[in-house]
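[1] here's my sequence, what's the structure:
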Amino acid sequence: MICTHIYSSLLLFFCSFMFCVCICVIAKTPNDRQVTKANWIVNLSDRKLTEAEESVLMKGMNFNISNKRLKPEDIIPVIETALEGYDKQKAELVRAQCALTLKKQKAEKPNITKEELKALQDIKADKSIVITQADKGNTTVLLNKTTYNQKMNEHLQSGPYTIMTKSAETIINKTMKETAKVVRQMNEVIGKSKWFEIMPKSCNVPRIYGKIKLHKEGYPIRPIVDFRNTPTYMLSRFLSTILRPTRDNSKARIYIFFGLKRQNTVIRRRNNKRGRILSDNDIFHIRRKNIPTK
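    Numbering: from 1, shown residues only. Predicted coordinates:
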């Protein structure tokens, strides 16, 4: 009984102490927190940045400049393209709502100063530099264009890539026809609207670009392939919505290699008498980009 009483008292004291610590942390004002901006920009180029250029680059690659007003000549063609698969009554209703929205729109306040806008235009006009992101974090990286092209060429020459013997237009058209043939067979099952949505239209070749690995010596690149607006992009998005619930409901999943190691250790302990292990593991997603093709 005495031990139980002492244990309860210690537990109550510990809980009270942690509660006071949490209150002190919550009571801190935002002014007590210091934000370090030293690593927001890494300039590896020969260009010397001004204060305005550093200020606009610190906003990040995902920063968008607010538009004063949307121009109808820029919006109407996009709306008309999107309404091709709808019936006339719904299309007219959407057109009327869009026209009313364009008339009632108000000019937004600028989220960038004139000096920053001028600095952004100067950086864009400089063709000797390349602006990209770091592989880890949201750091903006500036490089000389010659250095960036050299890193990309070294990766393409050493990676698992093959030079195309046919033109890109021929390959894209062939892929579009094959994808359209598959989607056409799904028309009766998925419906006309969904069929029109995933049917490949005007498509582009996937583009590759590189992010800089600042945490490694020599600043190598990490290749990123952008598959947006490719022949199979919309079809893959549609199929992922069907396959994702099956993957999420699976009871046997390992997110990292250490989980796989622990699982094999448990199996090895159970089969310790035999001294061998038989493990079958299927990998459906891997972050490594350089996968051998042969």
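
[2] following whichever strand or helix holds residue 153, which helix or strand comes up?
    Assessed by DSSP states H and E, residue 153 sits inside helix 145-158. Stepping forward along the backbone from helix 145-158, the first helix or strand reached (DSSP H and E) is helix 168-185.

[3] one step back: what is the helix holding residue 153 packed up against?
    strand 129-133, strand 207-212, strand 221-226 (3 or more Cβ pairs under 8 Å, 6 or more residues apart in numbering; DSSP states H and E). (C-beta placed from N, C-alpha, C; glycine too.)

[4] closest one to residue 44 among the ones you listed?
    Distances from residue 44 to each of these were compared by Cβ to Cβ, and the smallest falls on strand 207-212, at 7.7 Å.

[5] that closest one: which residues count as buried?
    Using 16 or more other Cβ atoms under 10 Å as the burial criterion, the residues of strand 207-212 that qualify are 210-212.

[6] tell me the contacts of the closest residue to residue 178 other than its chain neighbours?
    Using Cβ to Cβ, 6 or more residues apart in numbering and skipping the chain neighbours, the partner closest in space to residue 178 is residue 231 (8.0 Å). Under the criterion of Cβ atoms under 8 Å, 6 or more residues apart in numbering, the neighbours of residue 231 are 172, 175-176, 178-179, 200, 203.

[7] show me the two of the residues you listed that sit farthest apart.
    By the measure Cβ to Cβ, those have their two most distant members at 178 and 203, which lie 12.2 Å apart.

[8] of these two, who's got more company?
    For residue 178 and residue 203, the more surrounded residue by other Cβ atoms under 10 Å is residue 203, and the numbers stand at 18 against 13.

[9] so, low pLDDT: which residues of the stretch 151-294 of the chain?
    Within the stretch 151-294 of the chain, the segments meeting pLDDT under 70 span 248, 250-294.

[10] then the host helix or strand of residue 118 to CSV, C-alphas only?
    Following DSSP H and E, one finds residue 118 within helix 114-125. Extracted in CSV, the C-alpha atoms of helix 114-125 (Å, rounded to 0.1, in the frame of the first residue of the first chain):
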residue,chain,number,x,y,z
LYS,A,114,7.3,47.4,-57.6
GLU,A,115,10.9,46.8,-56.7
GLU,A,116,10.4,43.1,-56.3
LEU,A,117,8.5,42.9,-59.6
LYS,A,118,11.3,44.7,-61.4
ALA,A,119,13.8,42.3,-59.8
LEU,A,120,11.8,39.3,-60.9
GLN,A,121,11.7,40.6,-64.5
ASP,A,122,15.5,41.1,-64.4
ILE,A,123,16.1,37.6,-63.1
LYS,A,124,13.8,36.2,-65.8
ALA,A,125,15.7,38.1,-68.5
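
[11] okay, angle between that helix and strand 129-133 too, please.
    Between the direction of helix 114-125 and that of strand 129-133, the angle (axes from the mean of the first three to the mean of the last three Cα atoms, to 10 degrees) works out to 110 degrees.

[12] which residues touch helix 114-125?
    By Cβ under 8 Å, 6+ apart, the surrounding residues in contact with helix 114-125 are 50, 52-53, 55-57, 65, 112, 129, 131.

[13] quick one: residue 197 and residue 183, what's the gap?
    Taking Cβ to Cβ, to the nearest Å as the measure, residue 197 and residue 183 are separated by 10 Å.

[14] so these two - more neighbours on which side?
    residue 183 (21 against 16).

[15] that one against residue 198, yeah?
    Yes - using Cβ atoms under 8 Å as the test, residue 183 is close enough to residue 198 to be in contact (5.7 Å).

[16] what is in contact with these two at once?
    Taking Cβ under 8 Å, 6+ apart as the contact rule, residue 183 and residue 198 both touch residue 235.

[17] okay, buried residues for the helix or strand where residue 236 lies please.
    Using DSSP H and E, the secondary-structure element containing residue 236 is helix 233-248. When burial is assessed from 16+ other Cβ under 10 Å, helix 233-248 yields the following buried residues: 233-235, 238.

[18] which strands and helices lie in contact with it?
    In this structure, helix 233-248 packs against helix 168-185, helix 192-198, with contacts taken as 3+ Cβ pairs under 8 Å, 6+ apart.

[19] so it versus helix 168-185, what angle?
    Between the axes of helix 233-248 and helix 168-185, defined by the same axes, to 10 degrees, the angle is 60 degrees.

[20] which residues does helix 233-248 contact?
    By Cβ under 8 Å, 6+ apart, the list of residues contacting helix 233-248 from outside reads 179, 182-183, 190, 194, 197-200, 203, 227, 253, 284.
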